[in-house]
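Student: Based on what follows, work out the 3D shape:
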Amino acid sequence: MRVGEVHHPERGAWGKPLEGVRILAAEQMQALPFATQLMSHLGAEVVKVEHPERGDTGRASHPFLTDDDGRKVGATFLRHNLSKKSVALDLKTDQGREVFRRLVPHFDVVAENFRAGSMQAMGLGYEELAALHPGLVYVSLSGFGNLTDSPYAAWPAYAPIAEAMGGLYEPNRRGDAPPPVVVAGALGDNAAALFSVIGTLAALRHRERTGLGQHVDVAMYDSMIAMADMVPFLWSMGAPAHMASAGSTALVAAFRARDGFFVVAVFREHMFEKLCHTIGHPEWLSDPRFAERTGWATHTDGVIRPALEAWAADKTRLEACEALGAQGIVAGPSHTAADIHADPHVALRDMLIEVPRPDSDRPYLTVGNPVKMSRLAEGPVGSFPRLGEHTEEVLRAELDLSDQEIEALRSGGVIG
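Tutor: So this is what the prediction gives:
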């Protein structure tokens with residue numbers, strides 16, 4: 001779908017579920033912006049607070065486009081800030097912080113993802129703002145949390161650090177080689193974003209019942225422990241360190257077909273039996289090498305791969321997966337970005353949004369809303385905001401500031 005389009009309008013007769021929810025977001029980079037964009041897709045209004053000169057640090061990422069005001073706008077920002085309003089406000093100034101405090105009572109949610117303690121140090125922590133707005137839901141997303149004294153509280157954190165500390169990398173390390181660090185999709189950011197959305201919705205529901213707001217605290221490290229749950233669990237069950245992942249007791253691997261690779265996931269004996277018959281090797285069922293599940297993993301490359309790839313050699317990835325799926329064997333193609341763009345499922349589910357760019361005739365693509373609801377229309381989605389595009393609009397509407405007051409803030413460098 002494209003920015004501005006509405007798909008399935010008949011589903012939107014009742015409006016969107018978060019309509020009326022207003023979020024004031026002091027956010028940057030990926031984790032919290034992804035969370036607030038998800039809530040925007042569900043109907044929330046998001047006002048984003050950015051530094052007047054540099055804006056959200058995600059604007060400086062690469063690759064970038066050039067906006068119609070001549071500014072470079074980076075990929076991290078472009079992905080996660082659709083439909084938002086941008087207010088350029090310097091929170092390092094006394095006047096900037098005062099304007100922020102004055103805005104707070106007009107919003108249901110204040111959300112921030114600075115390093116733990118940063119907002120408190122500016123006098124913008126939960127306790128200070130809750131005194132102004134007792135019903136406030138205050139969401140903090142950081143590397144290591146705010147509500148406890150983590151030994152890592154002062155550490156900065158990006159997704160790979162949370163992923164490493166959460167245990168995602170070590171199970172894939174072999175021998176003395178370093179563990180592979182896979183920066184593809186920023187799971188550490190997006191998982192924390194999802195838990196932030198869940199926490200925000202739960203706190204809003206709690207406020208409906210009690211009238212009380214609260215501090216929702218999400219740590220990226222905690223989020224990755226939750227996502228990597230098998231790692232500590234299997235270790236606690238007595239599995240050796242090298243077996244602390246599902247792949248050590250299963251057949252989970254990528255195999256070559258005529259036009260690329262597909263992935264097969266076999267976790268149970270009846271699935272392995274079906275695989276053996278489907279690809280023409282029923283003798284494996286009595287082979288002592290495959291008597292235990294660990295044998296499936298041990299002999300994947302030496303025995304299973306040559307046979308499975310010979311079976312798939314005359315098939316496309318989709319043909320191989322359809323044949324396996326028809327027998328109840330779990331498989332799926334390993335997609336490139338171009339494959340995702342061409343996939344009819346992706347189009348039917350509106351999972352890519354085309355966003356026009358001011359410096360090119362070719363739009364860029366960002367992800368759509370993965371939450372589908374029978375009474376929720378898809379879109380419309382607005383484009384990304386220019387830095388400070390809505391500053392005057394918001395300050396006039398929310399605080400009733402005059403031209404003279406706005407000009408004084410601008411001349412003092414407080415707003416952009």
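
Student: how many neighbours does residue 80 have?
Tutor: Applying other C-beta atoms under 10 Å, we find 28 residues neighbouring residue 80. Any C-beta I mention is one placed from the backbone N, CA and C, and that applies to glycine too.

Student: Excluding chain neighbours, what is closest to it?
Tutor: Excluding its sequence neighbours, the residue lying closest to residue 80 (C-beta to C-beta, 6 or more residues apart in numbering) is residue 33, at 3.8 Å.

Student: and that neighbour, that's in a helix?
Tutor: Yes. Assigned with DSSP: H, G, I helix; E, B strand; the rest coil, residue 33 falls within a helix.

Student: what sits against it?
Tutor: Counting by C-beta atoms under 8 Å, 6 or more residues apart in numbering, residue 33 touches 25, 27, 48, 56, 58, 77, 80-81.

Student: at 6 Å what do you get?
Tutor: Counting by C-beta atoms under 6 Å, 6 or more residues apart in numbering, residue 33 touches 27, 80-81.

Student: Provide the secondary structure category for residue 29.
Tutor: Once three-state DSSP is applied, residue 29 turns out coil.

Student: actually residue 270, not the one I wrote
Tutor: Here residue 270 is recorded as helix under three-state DSSP.

Student: Could you check the helix or strand of the chain with the lowest mean pLDDT and say which residues are buried?
Tutor: Of all helical and strand segments in the chain, the minimum by mean pLDDT, DSSP states H and E falls on helix 230-236, at a mean of 85. Applying a neighbour-count criterion of 16 or more other C-beta atoms under 10 Å, one finds 230-231, 234 buried in helix 230-236.

Student: Need the residues you listed in a markdown table (columns: distance to residue 339).
Tutor: Output for the buried residues of helix 230-236, formatted as a markdown table (distance: C-beta to C-beta, whole Å):
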| residue | distance to residue 339 |
| --- | --- |
| 230 | 28 |
| 231 | 30 |
| 234 | 32 |
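
Student: can you pull out the strands in the stretch 51-200 of the chain?
Tutor: Along the stretch 51-200 of the chain, counting by DSSP state E, counting those that start in this stretch, strands occupy 64-66, 72-74, 85-88, 109-112, 137-142.

Student: Partner strands of the last one, with direction?
Tutor: Applying DSSP bridges to the sheet, strand 137-142 is found paired with strand 109-112 (parallel), strand 214-219 (parallel).

Student: do the first one as well
Tutor: According to DSSP bridges, the neighbouring strands of strand 64-66, each with its direction, are strand 72-74 (antiparallel).

Student: what mean pLDDT does the partner strand have?
Tutor: For strand 72-74, mean pLDDT is 96.

Student: Just give me how far it sits from the chain centre.
Tutor: Relative to its chain's centre, strand 72-74 lies at 20 Å (C-alpha atoms, centre = their mean, to the nearest Å).

Student: burial count for residue 415?
Tutor: When neighbours are counted by other C-beta under 10 Å, residue 415 registers 24.

Student: Next: residue 290.
Tutor: Neighbour number of residue 290 under other C-beta under 10 Å is 22.

Student: before we move on, what about the one 10 residues further on?
Tutor: For residue 300, the count of nearby residues is 18 (other C-beta under 10 Å).

Student: wait, isn't it in contact with residue 255?
Tutor: No. Counting by C-beta atoms under 6 Å, residue 300 stays clear of residue 255, with 9.3 Å between them.

Student: Please report the distance of the residue nearest to residue 101 when sequence neighbours are not counted from residue 124.
Tutor: Nearest residue to residue 101, sequence neighbours excluded (C-beta to C-beta, 6+ apart): residue 132, at 6.2 Å. According to C-beta to C-beta, to the nearest Å, residue 132 stands 10 Å off from residue 124.

Student: neighbour count winner among the two?
Tutor: Using other C-beta under 10 Å, the more surrounded residue of residue 132 and residue 124 is residue 124, with 20 against 11.

Student: pull the longest helix from this protein.
Tutor: The single longest helix within the chain, with elements called by DSSP state H, is helix 187-210.
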